[in-house]
Every structure is written in C-alpha cells, then in structure tokens.
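1. sequence and predicted structure, then a few things I'm wondering about:
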Amino acid sequence: MIQSDKGADPPDKDVKLSTTTNPESGLSQILRLVLQELSLFYSRDVNGVCLLYDLLHSPWLQALLKVYDCLQEFKEKKLVPATPHAQALSSEQIAILEPLKVFVVNPQILNQYLFLPCTQALLSAHDTVAQKDFEPLLPPLPDNIPESEEAMRIVCLVKNQQPLGATIKRHEMTGDILVARVIHGGLAEKSGLLYAGDKLVEVNGVSVEGLDPEQVIHILAMSRDTIMFKVVPVSDPPVNNQKTVYVRAMTEYWPQEDPNIPCMDAGLPFQKGDILQIVDQNDALWWQARKISDLATCAGLIPSKQLLKRKQREFWWSQPYQPHTCLKSTKFISMEEEDDMKIDEKCVEAEELSEDKDEFVGYGQKFFIAGFRRSMRLCRRKSHLGQQRASVCCTGSCYSAVGAPYEEVVRYQRRPADKHRLIVLMGPSGVGVNELRRQLIEFNPSRFQSAVPLVLSRSVGDEMRSCEMHCAKKEFLFSLFHSCRMLEYGEYKGHLYGTSVDAVQAVLDEGKICVMDLEPQDIQVARTQELKPYVIFIKPSSLSYMKQSRKNAKIITDYFVDMKFKDEDLQEMEDLAQKMETQFGQFFDHVIVNDNLQDACAQLLAAIQKAQEEPQWVPATWISSGAES
Ligand SMILES: Nc1ncnc2c1ncn2[C@@H]1O[C@H](COP(=O)(O)OP(=O)(O)OP(=O)(O)O)[C@@H](O)[C@H]1O
C-alpha cells in the first residue's frame, strides 16, 4: 500500500533499522516460509490446514503484511500510499481474524495492534492521503482555459499561524507583480509551489494587473482561510545549494529603523553577539537567517555583509570628526616618555601605605597570586600605553576584526588532550573581577592560575617584592609589543609591566586553567587560535543591591586606597558596565551579575567548566577542520 519514492538510503546511524527492514527478513519472507511448510501438510489434509493455507494466501493479509514491511522499511523515506482503503482492509481483517483464532498462532496480538488508537489514526491518515481527501475543497478549474494560460500554476495555501513567507515587488519595466523572495521556513516555501520570480496573475480570483504591491498585500490580508494564487511560473526557479553558515553578529540591526529593507515585517532584528544561522545568501544585499535560539521559526531578512559594511561606512561618515587612535602614528615610548607615564603620585603614596593588604592568605599561608594587585587594573587604565598599543597592533587586523559585521563561527568542543581555553574576566573597575579571580585561585590553586607578568628589569625595586613578576629587558618587552605578543600592559607603581602570550602559554602548558583580566580594548590581541579565550563579563547588580552589599567593600580611586564605595562610584560602575556591553558585548561568551559574592563564584566555576567541557561557538578561523565537532 505504501511505496517509497526511491529516496536515498537511510544514513549509517540507522544500521539497526536497515537490517530489520531487509525484505528477506521481513514478514513477507516469513509468510513465504510458512506457506512452503504448509504445502507439505496440505496433501495430507491435516485438520484446519487448508483453512490456514487459504487464510495466509488471502489478499488482505498479504496487503497488511506489505503495509507492515513498508512501514518498517521506509520509516525515513517519503511515503506514498499504495492502496486507497487501508482502514476498510483492517476492519475486514479484524472480522475474519475472530473465528480463526484457533488456527492462527497468536492472532490476538495482531488484533490488539489493529485496535490501537494510533494504528487506527495512522490508517485513517493514510486513507485521507491516498484518497486526496483534503480540506478545504479547491474550486474546480475553469473548463475553458485558453491555450496561452497553459503554463500557469494555481497555488492554494491554507492560512495558519505561520507567516506566508514571501515578498512581492513590481517589475520596473513591465509593471508585473512578481514574487520577490520566498522566505525559508514560511508557508510558501514549505508548499514548494511558489518561487522567487513567479509572476502573479490573480490573488483570490482578483486580477493583479495594474495593482500596486500594497494593494495586492491588502487582498492577501483580507483572505480568510485560504489564499489562492494564479501565477506564471518563473522559467528557471532559483536553487539554493549554498551551505548553511553560522555567524556571530558583531553589530546590532533593527529592521524597524532601516528604511531600505525591502520588507520591514520580514526583517530579523539582532543584537551584538547573537549567533545567526544564515540559510540563504543568493541575494547580494539581503540574506535570510534565523537566530540559533529560535531555529524552528521562519527565517528573516538581514543585510548581507557587504551591505552592512556599507551602512557602517555611511554611518561613520555622517558622524562628527573624532580622531581615532588607529590613525595616530606608530611609535614607541622613549625614556622621557616613560617618565611622563608616571602614575598619579597620590595614588602611589596611598598604595604604599597599604602595602601589606595586597597579600592574600590561603590555607594559613602567605599566598601571592601572580599578576594580582588590586590596584593594577586602575593603574593600567591610567596608562598612556593603551593608546600606544592601539597604534601598534591595529594595522590591518583592527579594522577587519572590529569592522566585520559578521564573524563566521563553528561549534568547538575542547578535547581532553587539548590545552585549556584561556579564561578572560572583564568588567568595570570595582565590580569584583579581582576578588572573583582571587577566590577562584584560592579555591583550587592546582587547577587555576594567573599568568606571571614581565616587568622592566631596571625598575624593579623593593616595592615590587610582594608581586610575582619576571624581570625583562626593555628591548625584549618592546619586541613583544611589536609582535603583538603582549596581551596587556601598563604601569605598576611607575614601572612598566606586561603580560605576554608566552606567560599564559606557560600556565596552559602545565595543564592548568589560566585566568586573567583584560580591558575590553585588549581583547582582540587575545582572540587567537592559540589561546581560544572564553570571555566572561562581570556585571554590577542593581544600584540598590550594590549599596547594600558593598557597604564594607573597599576600592582604590585616583587619590585614595581602601576607600569605601560612594554612591557616585556605584553609578559610575553601572554606566561603565553599560558602555562596555554596548561597545564590546559581541565578545562576551558569558555574563555574570556579581550580586552575592558566593553565588557569583559558583556561577564563575560553572561557566569555566562549561567553557572547557562543552561545545561552544568560536570563530571559524580558530578551528582546523580536524578539531571541529
Ligand atoms: N559581590 C560582592 N559583594 C560584596 N563585596 C564585593 C563583591 N564583589 C567584590 N566585592 C568587593 O568590592 C571591592 C572591589 O572589588 P575588586 O577589587 O575585585 O574590584 P575590581 O573589579 O577588580 O576593580 P579594580 O581592578 O579597579 O580593583 C573589594 O573590596 C571586593 O572584596
């Protein structure tokens, strides 16, 4: 009754299925064997054997067994009905089975099976398809179809909750109304009957000749249960044989604010960092995509990479002139400039007064965490070096990485033998980045570690003794800046220091997880195949909660050390966090709100575990084909 359309064989994963569906081991084969066996008894006229022989030869049983075999064999394939009345057949069979219970081995099982509601429903559905008994009834085709209309196609779509998923346009020269695009996952695409380029002749029986697209849309909006199109099919329907790609949105897009989108309602809004599945890139200007958080829905229109870049450029030119650090000349710091870069003296003085408090005690021992000083992030921010580095490292890579609107991504799962991913913590000053890092390392020092920074050897003095730092010569430090091997750098107590890629690698080589904090503008240097950083943004909680929870917390400001948070500090923290999210949110793999410190620590541990053990979206350029999951 049900036949295959001779589709492709089921995939390898269905090995079990394919062995059980071998016709040779199917029910038909069993029946053949039984018949052979019975024929031996037939001549001896064993009681009831004749009856059984006839029963097994009956066409209804043959047909039912064939249904069973087909269902087994073509579970994965497109099915077509082989008989128009499976239901009647099953009732007939139930009636015949009843008096034959004595002869047929276990007829009750077949009986029960046929009575199951799901079997009944299946047979009913089968018959509906076989008899083409669809609702609603289509109006009959007119008898007098002129010769010239032979190439027309009548398409009837039943309206449901789904969008129609097609856009129309008027041909500039001919004025014809054409299907402009068919959106993936919409009603039109699922019907397989409408294609971009089809010319609309009638909608719901109304000729569209001379109408505006808006008027056609109005007719469509008025239709109730069904929409009937009469179309002249496009001679060469477009074929989408492009591979589906996944991208991370590096910018945001709001169709409602874009007057150039061909159809606002079909637009897909997205935010920085959203992962998009791009299903159609046939149009050079407008791609079709879905968010991976919503793959079941109809796709939407998004600007293509080229179009979005153009929009970005236009936006850039429309803004008032602002000097860009990337445009500054590339030069290195002279000794005099080094002196100019001295940290705020008041800050140094205050820090030195509180020197002892920079030591952390774990398990009853003095415990120095490499690169960890509470004042470091503040000092780094005060440094002029950040700008210098921007000019060193931005040649080429800066614009392309920051400016690319979409970044192709793939799923990556770290294999147990691979090095750990670098964990980068980021957040506004005072939010608790160092506190969380400290707690993490203290919790499990054999698993988590910071990278040991380098410091200019000539400047190491007594005041640096409490920090774990490696001394380096100026030429060496600068060669690292030059080659972008310095992840971050700044001043500490007036001394030039930096954390190199090699310092991170040294931690990773020990099989540990390297945890470091970075300023958002430094993230590009760390985003390499080598380090595969996982960026966790630490976000402040609500102002009211912060006022309560940070009552006894201490911060370092420009002028004071170990000062209590003032309301304006908390407000500043919130504003800065917002700016960071707006500007750099696309780089955040995970966000933790630092409400309760213990909760935040637990979340941090869980996030790090996920980063190392579970598949994550990473830039495609980080992954060689062998490593992709
Ligand atoms: N969830 C929290 N609840 C209460 N206090 C907290 C919490 N998180 C951090 N703190 C406290 O807030 C103060 C500032 O934290 P921390 O030094 O870690 O900030 P930071 O983000 O590293 O900023 P900076 O680098 O400028 O010092 C510390 O006293 C810390 O103990």
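-> Nice, thanks for sending it over.
2. run through the stretch 51-200 of the chain and note the low-pLDDT ranges.
-> 76-82, 97-107, 135-139, 141-142, 145-150 (pLDDT under 70).
3. pick out the residue in it sitting closest to the ligand.
-> Among residues of the stretch 51-200 of the chain, the one nearest the ligand by CB to the nearest ligand atom turns out to be Gly185. It sits 43.4 Å away. C-beta coordinates here come from the backbone N, C-alpha and C atoms, glycine included.
4. quick one, what contacts that residue?
-> 165, 290, 296-299 (CB atoms under 8 Å, 6 or more residues apart in numbering).
5. want to throw these into a markdown table with distance to the ligand, secondary structure and neighbour count?
-> Below are the contacts of Gly185 laid out as a markdown table (distance: CB to the nearest ligand atom, whole Å; DSSP: H, G, I helix; E, B strand; the rest coil; neighbours: other CB atoms under 10 Å):
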| residue | distance to the ligand | secondary structure | neighbour count |
| --- | --- | --- | --- |
| Gly165 | 47 | coil | 23 |
| Arg290 | 37 | strand | 21 |
| Ala296 | 38 | coil | 6 |
| Thr297 | 38 | coil | 15 |
| Cys298 | 43 | coil | 21 |
| Ala299 | 41 | coil | 24 |
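6. go through the residues you listed and name the one nearest Tyr489.
-> Taking CB to CB as the measure, Tyr489 lies nearest Arg290 of the contacts of Gly185, at 41.6 Å.
7. what is that closest one paired to in the beta sheet?
-> Beta bridges link Arg290 to Gln277 when assigned by DSSP bridges.
8. strands along the stretch 451-600 of the chain, start to end?
-> If DSSP state E, counting those that start in this stretch is used as the criterion, the strands of the stretch 451-600 of the chain fall at 454-456, 470-472, 486-492, 495-500, 513-517, 534-540, 554-555, 563-564, 590-594.
9. the inter-axis angle of the fourth one versus strand 513-517?
-> Okay, so that is strand 495-500. Here the directions of strand 495-500 and strand 513-517 differ by 140 degrees (axes from the mean of the first three to the mean of the last three CA atoms, to 10 degrees).
10. quick one: which helix or strand includes the residue of the stretch 51-200 of the chain closest to the ligand?
-> Counting by DSSP states H and E, there is no helix or strand that carries Gly185.
11. got the phi/psi numbers for it?
-> Backbone geometry at Gly185, expressed as degrees, to the nearest 10, gives phi 90, psi 0.
12. go on, Gln162?
-> Comment: the main-chain dihedrals of Gln162 come out as phi -70, psi 150, following degrees, to the nearest 10.
13. count the residues that sit near Arg153.
-> The tally of other residues near Arg153 (other CB atoms under 10 Å) stands at 14.
14. I'd guessed it sits against Pro237; true?
-> No: assessed by CB atoms under 8 Å, Arg153 is found out of contact with Pro237, at 11.1 Å.
15. circling back: and the two most separated of the contacts of Gly185?
-> With CB to CB as the measure, no two of the contacts of Gly185 lie farther apart than Gly165 and Ala296, at 13.6 Å.
16. model confidence over stretch 436-448, on average?
-> Along stretch 436-448, the predicted confidence averages to a pLDDT of 95.
17. I meant stretch 285-301, not that one.
-> Stretch 285-301 comes out with an average pLDDT of 92.
18. where does Met228 sit: helix, strand or coil?
-> At Met228 the chain is in strand, as set by DSSP: H, G, I helix; E, B strand; the rest coil.
19. and it, how far is that from Glu519?
-> Here the criterion is CB to CB, to the nearest Å. By it, Met228 lies 61 Å from Glu519.
20. next: Arg181.
-> As for Arg181, its distance to Glu519 is 43 Å (criterion: CB to CB).
21. so between these two, which is more surrounded?
-> The residue with more neighbours, out of Arg181 and Glu519 and counting by other CB under 10 Å, is Arg181; that gives 26 against 16.
22. touching the ligand at all, stretch 522-529?
-> No: judged by CB under 6 Å from any ligand atom, stretch 522-529 stays clear of the ligand, getting no closer than 14.0 Å.
23. what distance separates the start and the end of that stretch?
-> 16 Å (CA to CA, to the nearest Å).
24. okay then, goodbye and thanks.
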